[in-house]
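Need coordinates for the following:
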Amino acid sequence: MSLPAISYILHASFTHTLILKIALAASRPTQPAVSVSDVAIQRGNNLTVRLTRQEQKAATRARILQCALIMFAERGFEGAGIREMASEAGVNHALIGYYFGDKDGLWKAAVEFLFERQNQELQPSPDELELPLYERTKRWLRRYVRYCAKHPEHARIMVQESIRDSERLRWAIERFIKPEHDLLRENFDGIVAAGMFPNIPFLDYIYMFTAAAQSPFMLAREIRLAHSIDVADACVIDAYADSLMVMFMRPVAAGD
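This is a model prediction of the structure:
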C-alpha cells in the first residue's frame, strides 16, 4: 500500500455517511421504452435519434440538476446563484423556477437526483447474485469507491450542509441517510460474525470506511499538487480500492 494511500485513509475527515449497501439490493425495474417522435438530436456516431418532448424535458432537468450539484458542492447553498446555475446549464433562469419553485426546492431535487443516481450505479449485475457473499461484498465496496471517484460532488455537497445544522441536512438525513443506515445495521452483525469485517461498532465502521473512500477524491487537487498523482485515473482508483480492501475486509475461506 502506498504512503499517499495510507495518509489519506488515516486522515480522512469524518463527515457525511454515504451508503454502504453491503447486503444485496434488489435490482430496480427499468423504465418502459417511450415511443420516439418530436425532437431530433445528433449523436457522435452520426446517427440521428428522435426524442419525445418528455425525454427532452427529462434531459434538460437532469442537466440543471447536475449543474446545481456541482455549484452547491463548490460554494454551498448560500454561495450558489440561480442565474449562474441556469447559465451553466444553458437554460433561462425562469425555467429553474418552473421546474423546482425556488432555490430550496432546487437543492432538494438535486440531492434526490444524487441519491437516486447512486442507487442505480451501485446496483449489482445479475451474474453477481450467484457469487458467495464475501465476493459480492468486495465487488460492492469497489463499486462504491469508483462511485466516490466519479462523483466527488456527492460528498462535497453533504459536507457543505454538515458544517451547519440546516433544515436541508435534516431533510436529507430523514429522507435518505437514516433509512439506509437502518437497513445496513440489520445486516452488519451477520457480516461481522461471518468474519468479513473487523469486530468494531457499526457506526465506527461506516464512518471510517466512507470517509476513507471519499477523501482522496474530495482532495484531488491537493494530491495532484503534493504527489503528482491524478486520482481520476482508473488505475489509481482501483489501486486505492485494493488498499481499502486490505484495511477494511478480512480474508475468509472460499464459499463465504
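
Could you list the low-pLDDT ranges of the stretch 51-200 of the chain?
Low-confidence segments of the stretch 51-200 of the chain (pLDDT under 70): none present.

Apply 90 and report the result again.
For the stretch 51-200 of the chain, the stretches flagged by pLDDT under 90 are 51-58, 93, 125-127, 129-130, 133-134, 136-137, 163-166, 183-191, 194.

Using PDB, write down the CA coordinates of the strand or helix carrying residue 187.
Using DSSP states H and E, residue 187 maps to helix 178-193. Extracted C-alpha coordinates of helix 178-193, given in PDB (Å, rounded to 0.1, in the frame of the first residue of the first chain):
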ATOM      1  CA  LYS A 178     -31.100   7.300   8.200                       C
ATOM      2  CA  PRO A 179     -33.300   4.700   6.300                       C
ATOM      3  CA  GLU A 180     -30.200   3.300   4.500                       C
ATOM      4  CA  HIS A 181     -28.300   3.100   7.800                       C
ATOM      5  CA  ASP A 182     -31.200   1.300   9.400                       C
ATOM      6  CA  LEU A 183     -31.200  -1.200   6.600                       C
ATOM      7  CA  LEU A 184     -27.500  -1.700   6.700                       C
ATOM      8  CA  ARG A 185     -27.400  -2.100  10.500                       C
ATOM      9  CA  GLU A 186     -29.800  -5.100  10.200                       C
ATOM     10  CA  ASN A 187     -27.100  -7.000   8.200                       C
ATOM     11  CA  PHE A 188     -23.900  -5.700   9.800                       C
ATOM     12  CA  ASP A 189     -23.700  -8.100  12.800                       C
ATOM     13  CA  GLY A 190     -24.100 -11.100  10.500                       C
ATOM     14  CA  ILE A 191     -21.300  -9.900   8.200                       C
ATOM     15  CA  VAL A 192     -19.000  -9.300  11.200                       C
ATOM     16  CA  ALA A 193     -20.000 -12.800  12.600                       C
END
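
what's that helix packed up against?
Judged by 3 or more C-beta pairs under 8 Å, 6 or more residues apart in numbering; DSSP states H and E, the packing partners of helix 178-193 are helix 202-218. In this view, the C-beta of every residue, glycine as well, is placed from N, C-alpha and C.

Give me the angle between the helix it packs on and helix 178-193.
Per axes from the mean of the first three to the mean of the last three C-alpha atoms, to 10 degrees, the angle that helix 202-218 makes with helix 178-193 is 110 degrees.

helices or strands up against helix 202-218?
For helix 202-218, the packing partners by 3+ C-beta pairs under 8 Å, 6+ apart come out as helix 3-10, helix 133-150, helix 152-162, helix 178-193, helix 234-248.

All set now, cheers.
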